[in-house]
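Undergrad: fold the following.
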Amino acid sequence: MAYKDKAKTISYNNDYNKGAYDRINLMLKKGKKELIQQRATENGESVNAFINRAIDLLLSQNEE
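TA: Okay, the predicted model is just below:
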């Protein structure tokens, strides 16, 4: 949805994200963030997608 007013666009996106997603703040040891970013880039995905894929993989292994 495109708005002429950038603030309205940001507000709309924030409201949508609050309803559609859960948020987790993650703390990592120094240097691990850069490693995750590197691996995500190597796989052609965002850091968020990389972390979600890793979580999904571990969760599915625990179901078996």
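
Undergrad: spell out the residue ranges of the helices in the chain.
TA: Secondary structure of the chain, counting by DSSP state H: helices at 6-20, 32-42, 47-63.

Undergrad: list the buried residues of the last one.
TA: Pointing back at helix 47-63 there. The neighbour-count criterion (16 or more other C-beta atoms under 10 Å) identifies residue 50 as the buried residues of helix 47-63. No exception for glycine: its C-beta is placed from N, CA and C like everyone else's.

Undergrad: do the shortest one as well
TA: Residues 36, 40 are the ones in helix 32-42 that count as buried (16+ other C-beta under 10 Å).

Undergrad: pull the distance from it to the chain's centre.
TA: Distance of helix 32-42 from its chain centroid, counting by C-alpha atoms, centre = their mean, to the nearest Å, is 13 Å.

Undergrad: and it, what does it pack onto?
TA: Counting by 3 or more C-beta pairs under 8 Å, 6 or more residues apart in numbering; DSSP states H and E, the packing neighbours recorded for helix 32-42 are helix 47-63.

Undergrad: which other residues reach the helix it packs on?
TA: Under the criterion C-beta atoms under 8 Å, 6 or more residues apart in numbering, residues 26, 36-37, 39-40, 43, 45 lie in contact with helix 47-63.

Undergrad: follow-up on the earlier one: can I get the helices of the chain in a markdown table including mean pLDDT?
TA: Output for those, formatted as a markdown table (pLDDT from 0 to 100):
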| stretch | mean pLDDT |
| --- | --- |
| helix 6-20 | 93 |
| helix 32-42 | 97 |
| helix 47-63 | 93 |
